[in-house]
Each structure stands twice: as C-alpha cells, then as structure tokens.
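Chemist: Here's my sequence, what's the structure:
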Amino acid sequence: GFISFRLLSRHPLAFLLGFPALWVLRDLLVETLLTGFPWCRVGLWTLNLPLWPQWASLGGVHFLSFTLVLALLLLPRPGRSWRHPYSLALLVLLGFLALGGSFLQHWNNRQDEQARVSRIGVLQPNATLEHPLYGEKALRALLNDSATLAHQGAEWVVWPEYSVERVYPFQNPAHFNLLARFSRQQAGLLACFNHQRGSDGVFNTVLLLHKGVAETYAKHHLVPFGEYIPYREVFSFVDRISSGVSDYTPGDGPHILRSGPWPAATPICFEILFPELVRQMVAQGGTVLLNPSNDAWYGTSSAPAQLLMMSRVRAIENRRWLVRATTTGYSALIAPDGTVRHTLPTHQKAQDVWNLRIRTDLSPFTRWGGHLLWFFVALGLLSLLTPFYEEPRSGASSTDRTPAADAGLLARILSGSPKKRRDS
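Modeler: Predicted coordinates:
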C-alpha cells in the first residue's frame, strides 16, 4: 500500500482514480479468496454520514468504498490552501454526493409510502454457547412465546439461527407437527434447523411454514473453517487442531421462499455479508429480507455491531426492509434507507412486533448489479496508463503535474491516439 501510494502520488490522475480502483479490486479479491470473507469494507463508514450511503442503491458497498477513498485522497494536507485544485475537487465531490444522495433518499421515501404495511414478530431467546436451548420442552416454550407475538398482530414470527438444538423437524414428525400446527392456528413461522438429507449431507436450513405449507432454503455460502473446511486436501490439519469445525454441505444456490404471505429473501447469518448473493435473492422477487443469525459465537465483542452495520448496507443496496433475528443480539428492524428503526436489548431474552413495508420495486443495484462501480474501476485502471504516456516538462518535477493535465492525457488514451513518452 505505501509503495503504490508513493508511486501513484507522482501522477495525479493515477493517484486519484487508480488508487481507489486498486482498493476496490483488493476488496473484491478478499470477497472471493477461500470462498470469501468480506468483513467491514471501508465504505461502511459512510453510514456515519448523511445522504452519502444512499449511493449504495446505485453501486453497492464497493462504490461507497471507491468514493470514500477518493475523498480521503483529496483531503487538504498541512499547509495546503483550500483554493488548491484538490481541495476544490473535494468540495465538488462532496456536494455532488450530497445532492445525489438527497435525490435517492427522496425517491426511496416515495416508494416506501406506496408499499403495504405488514407486522412481523421477532424472537430473541438469548441462547448462548454456555446455556443453549435443548429438546422438545424448549421448542414448546419458543412456540408459546411466538403465540404471544401472534396475538399482538404478527403475521409472521422469525426465530434466529440455531434457536433450539436437538430438534429435527425434517426427521421427527412430532417436531414438524408442532411447528405446522402453530403456522395453521397462529401465524407464519420462519426458523432454522439442521437437515440431514441422507447421503447428500447435512444442511443448515431455513424452514418456512405458512398455514401448514412448508418451504426450505439451505444455506449456500457456508462459513469457511466454521461450517466446513475449504480445500480440505490442503487444510486437512485443521481437523486435528480444532474440534469446533462443522461439516455442512452448501445448498444448491440462493433462492427465495414464496409460500408465505409475501415472497421473502432469507440469507442465513454469514450470507448477509455478500452483496451479490443478497442481490440475486431480491432480484428473484424477494420483497423483504429476513436474516436469521446466531451471533452468540461472538460473545460481547464488537462483531455483532459490525454485522448490524453490514446488514444496513444490504438494506440500502436493495431498498428492502430487513429483519435480523439473532440468538443474543443485535436483533433489529432496518429500513430501506439503512436506518435502524427498532432493536432488542442485547444478551437477554426479548421479543417484539414491528411494522415493516413490503416493497416490490427494484433498485438500480438490484436490477443491474455493480455496473456503475465497474465503470469507475475501469476508468481508474485506465488512468494508471497515464505515467507511461506523459510528456515531461523541462524543469518541472512529476509532482508538479495537475489532475487536469493527466485528464487530457487520459482522454487521448481513450481516443486511441496517445502521445507516447519521449526519452530525455
């Protein structure tokens, strides 16, 4: 990073566009390598700013990262006047982002006002690693709590991932019948259980029940070294040094559940980190995002709060209401503009019923993916060619060049008639 910063800073356009492009490409590599671990992209920090995050509905979290890195590069250095071209460019960039963000926010609000209101119940059982919930007795207790939420008007009740252990509704008809009866008599129910499919393996599975009709989604993107070992032939030693790695089988692919009162996208826990996976679910017709999660693994660390931040960006990207149901917190309701409307207290048993809206419109990001991002990344990569086509001015150092000079050079590169560098 330091070497590339020093090299690119000698060529303004390569510095200002090329560096953010390389940053985003690095993030995309991390999102893919070893099946990906895209934790806390730098663009998430725009959530602390007004209007800026709304651009995620156009270009996703990586576009937020691109623009934030660009803005940081333009920040005035000690001794630099605000009349410097970089400072003026920063003001123009921030003004453009604020104006565009305001328009995107206004458009989202209009769409939201036209959407139907629904009520959803969220259950947080506070099941920890030290004190998990086991067996049919715990299952009946959860159903009793869920009935209370149904009596408060919940059309659906969402349970966290791994709410209760040693309950196998896919293999035990008695357990399934308890859940199905609740869905017929009280409200729709979404819960997570292990599903043993014979020789195909064990699947981490969402079970959706509505009026006795069942539908499932098996987690597609598993947690590496947590739910399975990637490239087992290379990392076979992990089995010998850790007993905490499960051996799940990935589901067939991201898809939505349609048997309820409205089609739902149900990324499970870790899957909420992946923009493309969630985007595909919403593009298939998901009208709301339901994210059952088990955050008890993280204890009292900052990880649950970070997961909440990443969930907020998924809501903005796809312009969907998002419900997080977790074992210990943060259970939350997130609006399509990324604001957290409701939360349950962490590390204690809690439950509530919240109002959300059922959206059917598609954001540009949901419809077309990262096309806007790739345009700027391509422009940034092309800007890296400018150092190879510059004409050195006599008596001037490379650090005296201006972005305007390199912009003209980039235009010549794009037109196919660059003036190649002359050796002095």
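
Chemist: What ranges does the stretch 1-150 of the chain have for its helices?
Modeler: In the stretch 1-150 of the chain, the helices defined using DSSP state H, counting those that start in this stretch lie at 2-8, 12-13, 19-30, 56-74, 85-113, 135-151.

Chemist: Could you look over the ones you listed and pick the most buried one?
Modeler: When the helices of the stretch 1-150 of the chain are scored by mean count of other Cβ atoms under 10 Å, the highest mean neighbour count falls to helix 12-13 (a mean of 26). (C-beta placed from N, C-alpha, C; glycine too.)

Chemist: Could you report the neighbour count for S199?
Modeler: 5 (other Cβ atoms under 10 Å).

Chemist: so is it in a helix, a strand, or just coil?
Modeler: When classified by DSSP: H, G, I helix; E, B strand; the rest coil, S199 comes out as helix.

Chemist: and what of the one 5 residues further on?
Modeler: At N204, secondary structure determined by three-state DSSP is strand.

Chemist: Who are the contact partners of the closest residue to it other than its chain neighbours?
Modeler: Using Cβ to Cβ, 6 or more residues apart in numbering and skipping the chain neighbours, the partner closest in space to N204 is K219 (4.1 Å). Residues near K219 by Cβ atoms under 8 Å, 6 or more residues apart in numbering: F203, N204, T205, V206, E227, Y248, P250, G251, I268, C269, E271.

Chemist: try it again with 7 Å
Modeler: By Cβ atoms under 7 Å, 6 or more residues apart in numbering, K219 lies in contact with F203, N204, G251, I268, E271.

Chemist: cool, V278 as well?
Modeler: A265, P267, I272, L289, R314, N318.

Chemist: Now the phi/psi pair for the first one, please.
Modeler: When quoted as degrees, to the nearest 10, the phi and psi of A265 stand at phi -90, psi 130.

Chemist: quick one: which of the contacts of K219 is nearest L73?
Modeler: The closest of those to L73 turns out to be E271 (Cβ to Cβ; 32.7 Å).

Chemist: distance of S65 from L373?
Modeler: 9 Å (Cβ to Cβ, to the nearest Å).

Chemist: residue ranges with poor pLDDT in this protein?
Modeler: In the predicted model of the chain, residues 1-10, 80-81, 231-246, 387-424 satisfy pLDDT under 70.

Chemist: Tell me where this protein has strands.
Modeler: 116-124, 156-158, 188-196, 202-210, 213-218, 264-265, 288-293, 322-326, 332-334, 340-343, 350-358 (DSSP state E).

Chemist: Distance to Y86 and mean neighbour count added to those, as CSV?
Modeler: Supplementary listing: the strands of the chain in CSV, determined by distance: least, Cβ to Cβ, whole Å; neighbours: other Cβ atoms under 10 Å:
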stretch, distance to Y86, mean neighbour count
strand 116-124, 47, 21
strand 156-158, 48, 28
strand 188-196, 50, 23
strand 202-210, 49, 23
strand 213-218, 48, 19
strand 264-265, 42, 29
strand 288-293, 39, 26
strand 322-326, 37, 28
strand 332-334, 36, 23
strand 340-343, 35, 16
strand 350-358, 42, 18
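
Chemist: Just tell me which of these ends up closest to F182.
Modeler: Closest among these, using Cβ to Cβ: strand 188-196, at 5.8 Å.

Chemist: relative orientation of the closest one and helix 135-151 in degrees?
Modeler: Going by axes from the mean of the first three to the mean of the last three Cα atoms, to 10 degrees, strand 188-196 is angled at 160 degrees with respect to helix 135-151.

Chemist: Contacts for strand 188-196 next, please.
Modeler: 146, 155-159, 161-163, 167-171, 179, 182-183, 202-210, 218, 260-261, 266, 268, 290, 292.

Chemist: could I get it in CSV with only the CA atoms?
Modeler: Provided in CSV are the C-alpha atoms of strand 188-196 (Å, rounded to 0.1, in the frame of the first residue of the first chain):
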residue,chain,number,x,y,z
GLY,A,188,-46.4,-17.9,9.7
LEU,A,189,-43.1,-19.1,11.1
LEU,A,190,-39.5,-19.0,10.0
ALA,A,191,-36.9,-21.0,11.9
CYS,A,192,-33.5,-22.7,11.2
PHE,A,193,-32.7,-26.4,11.8
ASN,A,194,-30.2,-28.9,10.6
HIS,A,195,-31.5,-31.1,7.8
GLN,A,196,-29.9,-34.5,7.1
